[in-house]
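# Show me how the following folds:
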Amino acid sequence: MKRCKTHLVCVCLLFVVAVPVFAQRASLDVQAGETTDKFGALPSVTGADFLIDGQVTVLQPSKKNGGPNIVAGGEIRVPTDTGNHSNEFAIFGGPEFQYKNFTFGVHAQVRKIYQPSSIVDNQFFVRDKMELLEIPIVVRYVFGPDKHYFFEAQGIPEFRPRFLANGQLNTLPKPNLDHGYFVRASAGYNFGKWYAKATYETRYFKFVPDLGNPNGLYNWKSNYLTGGVGLVF
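Just a heads-up that it's a prediction; the model follows:
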């Protein structure tokens with residue numbers, strides 16, 4: 001819990017400092033919902049999940065010269081049951097190009113995932129922390145009267161994660177990624193200074209069945225479904 005509070009404070013400070021300095025458009029939302037996680041052959045588990053997500057435009061080109069907006073942001077994902085679900089923290093940045101009602105972007109991001117431990121055959125199995133470099137393609141579309149409705153999609157195949165010891169002595173070799181991906185879709189309505197949004201995300205990792213992935217316990221499929229409200233600065 002202390003670790004979650006530390007990351008939350010960092011994200012809040014980022015927006016408190018960044019928005020006045022750059023004086024550009026920013027958004028911050030809080031969502032709640034549920035996550036379903038399945039590791040290897042273990043049964044899937046569903047629990048409550050909370051998401052804090054924010055973005056700020058740090059550089060906006062002039063209308064005369066054109067060019068992309070440069071954005072930065074981050075997110076915190078905190079489940080109520082950390083014994084069966086993962087904490088996630090991410091920061092991202094990249095360009096966004098606008099064309100009529102569409103926005104096309106590339107968000108390079110670094111994500112850290114604290115995976116839960118498991119008890120298998122009366123043995124306690126502690127998974128390593130995962131660090132991911134992700135470069136998802138982002139597409140946003142606004143529509144309807146006065147363009148208040150919006151839809152956003154992003155996704156990318158996963159690169160090989162970096163594994164770090166999660167506070168334990170682990171003599172096992174690191175897992176080797178076979179393949180993985182994540183896809184996220186959000187839809188909502190912008191009321192002006194605030195907006196409502198719902199988000200669905202699915203993430204999948206499959207690792208090579210070797211000594212670094214005993215009994216397939218690093219293989220992971222997750223589904224998130226959240227909804228909430230946000231503010232536009």
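# hey, let's count contacts and neighbours off CA atoms from now on
Will do.
# What ranges does this structure have for its helices?
All helices of the chain, identified by DSSP state H, fall at 2-22.
# any low-confidence regions in it?
1-24, 167-171 (pLDDT under 70).
# Go again with 50.
Residue ranges of the chain with pLDDT under 50: 1-2, 4-5, 8-9, 11-23.
# Name the residue most distant from the centre of it?
Residue farthest from the centre of the chain, counting by Cα atoms, centre = their mean, is Lys64 at 34.5 Å.
# And the nearest residue to Ser27 once chain neighbours are set aside, how far from Arg140?
Leaving aside its sequence neighbours, Ser27 sits nearest to Val232 (Cα to Cα, 6 or more residues apart in numbering; 4.5 Å). For Val232, the distance to Arg140 equals 16 Å [Cα to Cα, to the nearest Å].
# repeat for Pro61
Counting by Cα to Cα - Pro61 and Arg140 are separated by 19 Å.
# Tell me which of these two has more neighbours.
Set Pro61 next to Arg140 and count neighbours by other Cα atoms under 10 Å: Arg140 wins out with 19 against 11.
# Quick check: closest non-adjacent residue to that one.
Arg140's closest residue in space is Glu152 (Cα to Cα, 6+ apart), at 4.2 Å.
# Surely that neighbour is in contact with Phe143?
No - in this structure Glu152 lies outside contact range of Phe143 using Cα atoms under 8 Å: 11.6 Å.
# For those two, indicate the residue with more neighbours.
Glu152 (18 against 13).
# ok, now which ones touch that one?
138-141, 185-187 (Cα atoms under 8 Å, 6 or more residues apart in numbering).
# mind checking how far it is from Gly67?
Glu152 is 21 Å from Gly67, by Cα to Cα.
# So what sits opposite Glu131 in the bridge?
Legend: beta-bridge partners of Glu131 under DSSP bridges are Lys112, Arg162.
# dump the residue contacts of it.
110-113, 161-164.
# what's the closest of the residues you listed to Phe39?
Ile113 (14.2 Å; Cα to Cα).
# Quick check: the gap between Phe124 and Ser27.
41 Å.
# scratch that, Lys112 is what I was asking about
22 Å.
# which of Phe124 and Ser27 has more neighbours?
Remark: of Phe124 and Ser27, Ser27 carries more neighbours, 19 against 10, as counted by other Cα under 10 Å.
# Can you tell me who that one pairs with across the strands?
Beta-bridge partners, per DSSP bridges, of Ser27: Gln55, Val232.
# So it sits against Ala196, correct?
No - the criterion here is Cα under 8 Å, and Ser27 misses it with Ala196 at 11.8 Å.
# Now do the shared contacts for those two.
The contact lists of Ser27 and Ala196 share Gly230, where a contact means Cα under 8 Å, 6+ apart.
# Any idea how many residues pack against the nearest residue to Gly94 once chain neighbours are set aside?
Once flanking residues are discounted, Gly94 sits nearest to His107: 4.8 Å by Cα to Cα, 6+ apart. Close neighbours of His107, defined as other Cα under 10 Å, add up to 21.
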